[in-house]
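*Asks:* my questions are about this predicted structure, shown below with the sequence.
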Amino acid sequence: QVQLVESGGGLVQAGGSLRLSCAASGRTFSTNVMGWFRQAPGKDREFVAAIKWSGSSTLYADSVKGRFTISRDNAKNIVYLQMNSLKPEDTAVYYCAASMGVGLTRWINGYEYWGQGTQVTVSS
């Protein structure tokens, strides 16, 4: 099993920044890809960004490209999501996820492990 714990959410004004962290523990060696998803009230969970534990490949949703940056610290088993130029439409619960698949994916069903989520609220 893999355990994922998100932190770093909060309330921020539009144009501000937040950095989310996802600490992974357990059988992390069984996972290859880490992703961030978000779910706004009344909406489906949607892909935000993904990164492999090895190499430099990343993948972003068009809605966050150029504003959000996903990164990782392999020594600490932590994945980060730096969010800049935040907009009210970024308000959502943000979830960290881990995939045992070999490639980056936006597909929600491609991720086997999920954290509990952290709330991000962007005020206008």
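*Replies:* All right, it came through fine.

*Asks:* need the phi and psi values for Arg8.
*Replies:* Careful, residue 8 is Gly; it's not Arg. In terms of degrees, to the nearest 10, the main-chain angles of Gly8 are phi 100, psi 0.

*Asks:* how close does the closest residue in space to it that isn't next to it in sequence sit to Gly115?
*Replies:* Closest residue to Gly8 apart from its sequence neighbours, by CB to CB, 6 or more residues apart in numbering: Leu20 at 4.2 Å. From N, CA and C alone the C-beta is placed, and that goes for glycine too. In this structure, Leu20 and Gly115 are 10 Å apart, going by CB to CB, to the nearest Å.

*Asks:* what is in contact with those two at once?
*Replies:* The overlap between the contact sets of Leu20 and Gly115 (CB atoms under 8 Å, 6 or more residues apart in numbering) consists of Glu6, Cys96.

*Asks:* tell me, what residue is most central in the protein?
*Replies:* Residue closest to the average C-alpha location in the chain (CA atoms, centre = their mean): Trp36, at 2.1 Å.

*Asks:* gap between the closest residue in space to Ser99 that isn't next to it in sequence and Ser7?
*Replies:* Excluding the flanking residues, the one nearest Ser99 by CB to CB, 6+ apart is Val33, at 4.1 Å. Plainly put, Val33 is 20 Å away from Ser7 if you go by CB to CB.
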